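Asks: what's the 3D shape of this:
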Amino acid sequence: MKKFGYIILLILIMPLCSFRSIGDSIKVEQVASDYPIIVRKSNNGIYRISYPLVYRIHNSSAKRYKIRVDYYYGNPPYSYSLASEWSPVFVMRNVNNEIVSAKERGRLIIEGLETKEYIVYPSHSVPKEGSLQCLLEAYINKSNSLPCPYKTDTVYYGNTLKMGKLSDFRKAHLDVVNAFLGKDSVVFGFYPLWEKVKPKVYTFPVKTDFDNHVGQRQDVPANH
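Replies: Residues are numbered from 1 along each chain as shown. Predicted coordinates:
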């Protein structure tokens, strides 16, 4: 009889546990990117390249969260940040085919019961010497004749060029993409608005190969 009582108690508790883990959480998933690669060029060649990384965030809780995003450079020769391996990063959104800042009043906000896709645009340094300059120049010349549906003029200022879509470049030169991004990570911090609690901070290694997997997904338990 005592054993039967434990079984009844377990049956009553299990639905409550399932509801807390599924109904009140944040899900982060890196998905394939069709956005244009941005390069910056001077008379001495290409000196900066920015790959668009897309993350889908779903907030299934009723709470609003402020999001902080930082970027980790795992390969020093391509690191944009000279002082530290960690660096702030551009976070954008696609609004009517225009890539604009994702910040609202200076903050990244995700509402309760909302799903958003963010475009993380890290900047990587391009070595001046070697065959990489020739490869990128050739790809720029090739992609200049291809239409780009996205307006990116508001992302960067100065002498910038669109180098075609990341999805196309990755298929042709996965080794190059891996050299830049293969050891990098993106960190997301979720801060419940109007609550004095510690943020939930999670690090995601950058994914470059989407041929065999849908993407990287992780459930982030929300604060209660």
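Asks: Need the distance between the two termini of stretch 124-140.
Replies: 17 Å (Cα to Cα, to the nearest Å).
Asks: i'd like the first residue to be 12 from this point on
Replies: Okay, residue one is now 12; in that scheme the one you just asked about reads as stretch 135-151.
Asks: Pull the residues that contact it.
Replies: 50, 55-62, 84, 88-91, 172, 174-175, 180, 183-184, 187, 191-192 (Cβ atoms under 8 Å, 6 or more residues apart in numbering). Every C-beta, even on glycine, is put in place using the N, C-alpha and C of the backbone.
Asks: Any buried residues in that stretch, and which?
Replies: Of the residues in stretch 135-151, those scored as buried under the neighbour-count criterion (16 or more other Cβ atoms under 10 Å) are 135, 136, 137, 143, 144, 147, 150, 151.
Asks: any idea which element residue 148 lies in?
Replies: Taking DSSP states H and E as the definition, residue 148 sits inside helix 142-154.
Asks: coming back round to it: just the contacts of stretch 135-151: which are in strands?
Replies: Members of the contacts of stretch 135-151 lying in strands (criterion: DSSP state E): 50, 56, 57, 58, 59, 60, 61, 172, 174, 175.
Asks: where does this protein dip in pLDDT?
Replies: When residues are selected by pLDDT under 70, those of the chain lie in 12-35, 92-95, 155-160, 163-170, 222-235.
Asks: List of residues touching stretch 122-130?
Replies: 42, 44, 46, 63-75, 80, 102-105, 110, 113, 119, 121.
Asks: Which parts of the chain are helices?
Replies: Residue ranges of the helices in the chain, as given by DSSP state H, are 13-34, 142-154, 177-183, 185-192.
Asks: is residue 134 in a bridge, and if so with what?
Replies: residue 61 (DSSP bridges).
Asks: Excluding residues flanking it in the chain, which one is nearest residue 73?
Replies: Nearest non-adjacent residue to residue 73, counting by Cβ to Cβ, 6 or more residues apart in numbering: residue 123, 4.1 Å away.
Asks: And for the one you found, the neighbour number?
Replies: Using other Cβ atoms under 10 Å, residue 123 has 13 neighbouring residues.
Asks: before we move on, what about residue 74?
Replies: When neighbours are counted by other Cβ under 10 Å, residue 74 registers 19.
Asks: wait, it sits on residue 202?
Replies: No - with contacts defined as Cβ atoms under 8 Å, residue 74 does not count as touching residue 202, sitting 10.4 Å away.
Asks: Show the buried residues in the ones in strands among the contacts of stretch 135-151.
Replies: If you count burial by 16+ other Cβ under 10 Å, the buried members of the ones in strands among the contacts of stretch 135-151 come out as 50, 57, 59, 60, 61, 174, 175.
Asks: Could you identify the most distant pair in these?
Replies: Comparing all pairs in these by Cβ to Cβ, the longest separation belongs to 59 and 175, at 16.4 Å.
Asks: Tell me the one of the buried residues of stretch 135-151 nearest residue 214?
Replies: For residue 214, the nearest member of the buried residues of stretch 135-151 is residue 135. The distance, counting by Cβ to Cβ, is 18.5 Å.
Asks: Excluding covalently adjacent residues, which one is nearest to the closest one?
Replies: The spatially closest residue to residue 135, leaving aside those adjacent along the chain, is residue 89, at 4.5 Å (Cβ to Cβ, 6+ apart).
Asks: how much space between the one you found and residue 56?
Replies: Residue 89 sits 15 Å away from residue 56 when distances are taken as Cβ to Cβ, to the nearest Å.
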